[in-house]
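Enquirer: sequence and predicted structure below; questions after.
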Amino acid sequence: YVGEFFFGGHTILVEGDTEYSVFRLLIEEDRNTFKDVHVVRARGKGILISLIKILNHYGVAGYAVLHDSDRPPAAGEKNSAWGTNQSILNTVNACPDPSRVRLIAAVPDFEGAIFGTSASSNKPYKAVAAITDDAALKAKARQLLEALLDHSKPLPPGVIQWKSLEELEKALPV
């Protein structure tokens, strides 16, 4: 599925299975609107960086990246997920034309941003069930998908386009 982004269309890189499952459901429900959309799941922030490098190297422009912001480490703790945010930003900024890339973070994670809660197990299933049963949640997820495809569209609450770690940290709820 990763190779699909070489063949045109709109590419959205996502960090995990939950985002992928939600977006695939929305795409399948409205194939006319979302034709030529390639959602590529990285299964982690580290792989996102590799995929961004590939897109940059081959000159794929106009893509979007969605990842969890996670939280900065508390005093005396380590949190590699937070530290990887800067690497993602650096890699996006290495694109020949970074203005054509939309870098979006779900604050603090996709489940919290879209559904207002976190799940620890069966996250993709629970997310798909939630948007199937709740029109408002489906509309919010669809708004995010549309904003990832059209960089001029507004983002729903809970996600931000960011350009510095300070912006990410400021967006986190206390």
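Expert: Sure, I can see it. Numbering: from 1, shown residues only.
Enquirer: what residues does the spatially most central residue of the chain make contact with?
Expert: By C-alpha atoms, centre = their mean, the chain has its centre lying nearest to residue 66, at 1.4 Å. Residue 66 makes contact with 12, 13, 14, 15, 19, 104, 105, 106, 110, 144, 148, 159 under the criterion C-beta atoms under 8 Å, 6 or more residues apart in numbering. All C-beta atoms are positioned from the backbone trio N, CA, C, and that covers glycine.
Enquirer: what number of residues lie near the last one?
Expert: In this case it means residue 159. Residue 159 has 22 neighbouring residues, counting by other C-beta atoms under 10 Å.
Enquirer: tell me the contacts of it?
Expert: 66, 104, 105, 106, 107, 113, 144.
Enquirer: narrow those to those in strands?
Expert: Among these, DSSP state E puts 66, 104, 105, 106 in strands.
Enquirer: pretty sure the third one contacts residue 160?
Expert: Yes. With contact taken as C-beta atoms under 8 Å, residue 105 and residue 160 are classed as touching, separated by 5.7 Å.
Enquirer: between those two, who's got more neighbours?
Expert: For residue 105 versus residue 160, neighbours defined as other C-beta under 10 Å are more numerous around residue 105 (27 against 18).
Enquirer: leaving aside the residues next to it on the chain, what's closest to the more buried one?
Expert: residue 69 (4.1 Å; C-beta to C-beta, 6 or more residues apart in numbering).
Enquirer: likewise residue 55?
Expert: Residue 55 sits nearest to residue 63 (C-beta to C-beta, 6+ apart), 5.5 Å away.
Enquirer: what are the ranges of the helices in this structure?
Expert: For the chain, applying DSSP state H gives helices covering 17-29, 45-57, 80-93, 110-115, 123-133, 135-149, 165-171.
Enquirer: who touches the last one?
Expert: Same thing as helix 165-171. So helix 165-171 is in contact with 69, 72, 85, 86, 89, 105, 107, 160, 162, going by C-beta under 8 Å, 6+ apart.
Enquirer: one more pass at 10 Å, please.
Expert: 69-72, 82-83, 85-86, 89, 105, 107-108, 113, 158-162, 164 (C-beta atoms under 10 Å, 6 or more residues apart in numbering).
Enquirer: can I get the buried part of those residues as one PyMOL selection?
Expert: PyMOL command restricting the contacts of helix 165-171 to the buried ones, with burial defined by 16 or more other C-beta atoms under 10 Å:
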select buried, resi 69+70+71+82+85+89+105+107+108+113+158+159+160+162
